[in-house]
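>>> attaching a predicted model along with its sequence, questions to come.
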Amino acid sequence: MSQDTSSGSAPPQADLEVDASGLKCPLPILRAKKALAQLESGQVLKVVTTDTHAIRDFQAFAKQTGNVLEAQLETGEGAVHFLRRR
């Protein structure tokens, strides 16, 4: 698993995890949106995806919603995304 080294630190501890493996856009984003609604401001959501477009999708989603995309880690099967609720 390769890590996003732009921040140089380990990914944040997740308060909630969503496994969106095998789902195609827009389902991973919809699952993330639903899960974020359950979190308090400042809590972190971890989303596991296998969709090849998920990295771009989550970057756009974070920008549009104001939630912070803390990290994105590429895995052999896809990617793991860490969103901090605004």
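Looks like it arrived, so ask away.
>>> the helices in this structure, which residues?
For the chain, helices defined by DSSP state H occupy the ranges 27-36, 54-65.
>>> need those helices in JSON lines with mean pLDDT and mean neighbour count, can you?
Where you see a C-beta, it was placed from the backbone N, CA and C, and this is true even at glycine. As requested, the helices of the chain are arranged in JSON lines below (pLDDT from 0 to 100; neighbours: other CB atoms under 10 Å):
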{"stretch": "helix 27-36", "mean pLDDT": "98", "mean neighbour count": "18"}
{"stretch": "helix 54-65", "mean pLDDT": "98", "mean neighbour count": "16"}
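>>> any chance of those helices in a markdown table, with distance to Pro12 too?
As requested, the helices of the chain are arranged in a markdown table below (distance: least, CB to CB, whole Å):
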| stretch | distance to Pro12 |
| --- | --- |
| helix 27-36 | 14 |
| helix 54-65 | 14 |
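>>> so which of those helices comes closest to Arg85?
Checking these against Arg85 by CB to CB gives helix 27-36 as the closest, at 5.3 Å.
>>> tell me the angle of that closest one relative to helix 54-65?
Going by axes from the mean of the first three to the mean of the last three CA atoms, to 10 degrees, helix 27-36 is angled at 40 degrees with respect to helix 54-65.
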